[in-house]
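Chemist: sequence first, then the predicted structure, then my questions.
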Amino acid sequence: MSNKIIKNSKIFVAGGAGMVGSSIIRSLQSHGFENIIAPPRDELDLFNRHEVKEFLGEIKPDQIFLAAARVGGIETNSNNKHLFLYENLLIQNNVIYEAHKADVENLIFLGSSCVYPNNFQTPIKEEDLMQGPLEESNEGYSLAKICGIKLCNFLSSTSKKRNYFSVMPCNLFGLNDNFSPKTSHVIPALLRKFYQASKNNIESVEVWGTGNARREFMYVDDLADACVKLMNSETFYNVINVGTSKDIKISQLVEHITKITGFNGKVIYDSSKKEGTMRKVLNTDKIRKIGWFPKRNFVDELKYVYKNAEEKNLLL
């Protein structure tokens, strides 16, 4: 089968209001795709299998991007492993399996680099999946994503009319990110913390961990462009990494954020707090072979996200 998607193809973006989903919609629109369907939660409950079944049976999409998920930072993941496992399994199973039953041929499942073994050799290749133990703090989320990967694999391997595969991005940041103090990821959490410290003349800010853990960050629009390119690729995949293949220390990230927010106080690293995997860089040889490369500059986009969040009062 061909997985070429023409301009008038009907495309369903599950999770279109989130950071990744909204970025995919912007990228699709910039490439000339107009028939995009992304109902909000109050119109389509992805936890409800019957609703998902009726919806997919009615609209019959040509392509699905499954970007909906329960996500959160290290503390929220660690304290709610059961919810991250259960709720993500519900969403994934409902969308992926009902898509199959509705005879939807093309589906891209958005995973996460956390599916790979903890503190494994880097750069991590797609073949390294399930070759070692997971990082304990986000094990529930990781296990759910692995199940989604495998469900896509199994359905594609049993039917020539199924092109269901999984994209594994590195750590993402961008517009429409979650800035909640309880559930946000590292970049929005630190932007908010240092912004408030700067505005309120707080003398010191505490950062979890030693600052030595390294992370690979990518602006979300680069991921979205990769997904649209993969949607029309002639090559078929089970799993494919998307990242910059470059990482920085958390302490370096903090230095960038203190400059952006204007914080001049003291940074205190609390080594008693969890900092997760010490290093995880993705091997991106496969996607680079089809001509995709990240285009955005990390610091420039970090400044842009901060300015946008400040203008929208998301940092208060």
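Modeler: Great, that's in hand. Residues are numbered from 1 along each chain as shown.

Chemist: which is the next helix or strand following the helix or strand hosting Leu155?
Modeler: When elements are assigned from DSSP states H and E, Leu155 belongs to helix 139-158. For helix 139-158, the succeeding helix or strand toward the C-terminus, using DSSP H and E, is strand 163-169.

Chemist: what residues does the helix or strand just after that next one touch?
Modeler: With elements assigned by DSSP H and E, the helix or strand that comes after strand 163-169 is strand 171-173. Contact with strand 171-173 is made by 19-20, 113, 185-188, 215-220, 223, 301-302, 305, as judged by CB atoms under 8 Å, 6 or more residues apart in numbering. In short, each C-beta sits where N, CA and C put it, glycine included.

Chemist: same check, this time on stretch 186-196
Modeler: Contact with stretch 186-196 is made by 73-74, 171, 173, 177-179, 181, 184, 202, 205, 207, 215, 217, 250, 253-254, 257-258, 260-261, 263, 302, 305-306, 309-310, 314-316, as judged by CB under 8 Å, 6+ apart.

Chemist: what do you get for stretch 152-168?
Modeler: Under CB under 8 Å, 6+ apart, the answer for stretch 152-168 is 1, 3, 96-97, 99-100, 103, 105-113, 115-116, 126, 148-149, 151, 223, 226-227, 230, 236-242, 282.

Chemist: and Ala69, how far from Lys160?
Modeler: 29 Å (CB to CB, to the nearest Å).

Chemist: between the two, point out the one with more neighbours.
Modeler: Ala69 (25 against 9; other CB atoms under 10 Å).

Chemist: wait, the more buried one sits on Gly15?
Modeler: Yes - Ala69 lies in contact with Gly15 (CB atoms under 8 Å); the separation is 6.7 Å.

Chemist: for Asn201, grab the count of nearby residues.
Modeler: 9.

Chemist: before we move on, what about Thr261?
Modeler: Other residues lying near Thr261 total 22 when counted by other CB under 10 Å.

Chemist: check which helix or strand the closest residue to it other than its chain neighbours maps to.
Modeler: Using CB to CB, 6 or more residues apart in numbering and skipping residues adjacent in sequence, the residue nearest Thr261 is Phe194, 4.3 Å away. According to DSSP H and E, Phe194 maps onto helix 186-199.

Chemist: list the buried residues in that helix.
Modeler: The neighbour-count check on helix 186-199 (16 or more other CB atoms under 10 Å) flags 186-198 as buried.

Chemist: same deal with stretch 153-160?
Modeler: By neighbour count on 16+ other CB under 10 Å, the buried set for stretch 153-160 is 153, 155-156.

Chemist: adding distance to Gly140 and pLDDT, write the residues you listed out as TSV.
Modeler: Conversion of the buried residues of stretch 153-160 to TSV gives the following (distance: CB to CB, whole Å; pLDDT from 0 to 100):
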residue	distance to Gly140	pLDDT
Asn153	21	96
Leu155	23	96
Ser156	25	95
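
Chemist: and of these, the nearest to Val267?
Modeler: Using CB to CB, Asn153 comes nearest to Val267 of the buried residues of stretch 153-160, at 43.5 Å.
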